[in-house]
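Peer 1: Using only what follows, build the 3D model:
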Amino acid sequence: QVQLEESGGGWVRAGDSLRLSCIITGHSFPISAVGWFRQAPGKERDFVARITWTSNHAAYADSVEGRFTISRDNAKNTVYLQMNDLKPEDTAVYYCAAKRGINSSTNPENYEAWGQGTQVTVSS
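Peer 2: Reported below is the predicted structural model:
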């Protein structure tokens, strides 16, 4: 069973930075990508970023492109999300998730394992 655990959330002011971490254990299925998603109250869970497992290729939502960076530390089995220039609209619970296969990596329905989430609150 693949297990994921996020950390690093918190309360910050607009313009500040945070780094989220996602530790991955288990590896019961061949992971093809790890993604970050976020969900604000009353809204759907949205794609933020993803990194492919073998080639470390990154992709981002338009809303975070240029501000957020996803990366991976193989030795620590950890995926990071560096978030810079945070805005109040970035406020949400952030989840990391793992998927297998080649289907869309921006669709949360294609991810099989999820962490419990970490809250990010950005005040203006």
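Peer 1: residues near Gly35, how many?
Peer 2: 27 (other Cβ atoms under 10 Å). No exception for glycine: its C-beta is placed from N, CA and C like everyone else's.
Peer 1: Need the pLDDT of it.
Peer 2: The model reports Gly35 with a pLDDT of 97.
Peer 1: For the residue nearest to it when sequence neighbours are not counted, grab the count of nearby residues.
Peer 2: Leaving aside its sequence neighbours, Gly35 sits nearest to Arg50 (Cβ to Cβ, 6 or more residues apart in numbering; 3.8 Å). Per other Cβ under 10 Å, the neighbour tally for Arg50 reads 26.
Peer 1: What of Gly117?
Peer 2: 17.
Peer 1: thinking again about what came up before, helix/strand/coil for the residue nearest to Gly35?
Peer 2: strand (DSSP: H, G, I helix; E, B strand; the rest coil).
Peer 1: State the distance from it to Trp11.
Peer 2: 26 Å (Cβ to Cβ, to the nearest Å).
Peer 1: Then Ile24?
Peer 2: Ile24 is 26 Å from Trp11, by Cβ to Cβ.
Peer 1: Now do the same contact list for the residue nearest to Gly35.
Peer 2: Listed by Cβ atoms under 8 Å, 6 or more residues apart in numbering, the contact set of Arg50 reads Ala33, Val34, Gly35, Trp36, Ala58, Ala59, Ile70, Ser105, Thr106.
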